[in-house]
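**Student:** Sequence first, predicted coordinates after that:
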Amino acid sequence: MTASHYQAPGRITRSIMNPLVAGLTRLGLPLAGSAVLGVRGRTSGEVRTTPVNPLRLDGRRYLVAARGHTQWVRNLRVAGEAELRVGRRTETVRATELADANKAPVLRAYLRAWAWEVGAFFDGVDADSSDEELAAIADRHPIFVVTPT
């Protein structure tokens, strides 16, 4: 696993885009199905929030870390559960990390749905890439199956 793989957001994303998307989502106006993820910090214990793009595939929901091993990923690994919020609706979910060997179909579907927003973080791999190409980047992009608690 490439646990050090992380593509930090730039200043505009961090200070304008993420707060804008999160704010609209909290108002009940999610951008193309976005949600606000709230997860307890592994050190501080405080709930940290970030906008995410949940993916529905074959009756399951997934959270894909397009930027890699982010702080929300590290926090979710420790906490095991989080909240997903859209508007006034908040849902507590349990998160189970997907093994790298099982990620290719999820990555393909995620890239079909969200490449317009996050495609740049996948090193030239896209929804039309081979299973082998998707498998080659799987360790860089943690994926969690989320289920209601």
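**Tutor:** Alright, I've got the coordinates.

**Student:** For the longest strand seen in the chain, C-alpha coordinates in PDB please.
**Tutor:** Once the chain is assigned using DSSP state E, the strand that runs over the most residues is strand 89-97. The C-alpha trace of strand 89-97 is given here as PDB (Å, rounded to 0.1, in the frame of the first residue of the first chain):
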ATOM      1  CA  ARG A  89     -30.700  14.800   6.800                       C
ATOM      2  CA  THR A  90     -27.800  13.300   8.800                       C
ATOM      3  CA  GLU A  91     -27.100   9.600   8.600                       C
ATOM      4  CA  THR A  92     -24.600   7.700  10.800                       C
ATOM      5  CA  VAL A  93     -22.700   5.100   8.800                       C
ATOM      6  CA  ARG A  94     -20.300   2.300   9.600                       C
ATOM      7  CA  ALA A  95     -17.300   2.200   7.200                       C
ATOM      8  CA  THR A  96     -15.400  -0.800   6.100                       C
ATOM      9  CA  GLU A  97     -12.300  -0.400   4.000                       C
END
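
**Student:** now Asp131, nearest residue through space, not along the chain?
**Tutor:** Ala104 (4.8 Å; CB to CB, 6 or more residues apart in numbering). Bear in mind the C-beta positions are built from the backbone N, C-alpha and C, glycine included.

**Student:** what's the answer for Ala66, then?
**Tutor:** In space, Ala66 is closest to Val118, 3.9 Å off (CB to CB, 6+ apart).
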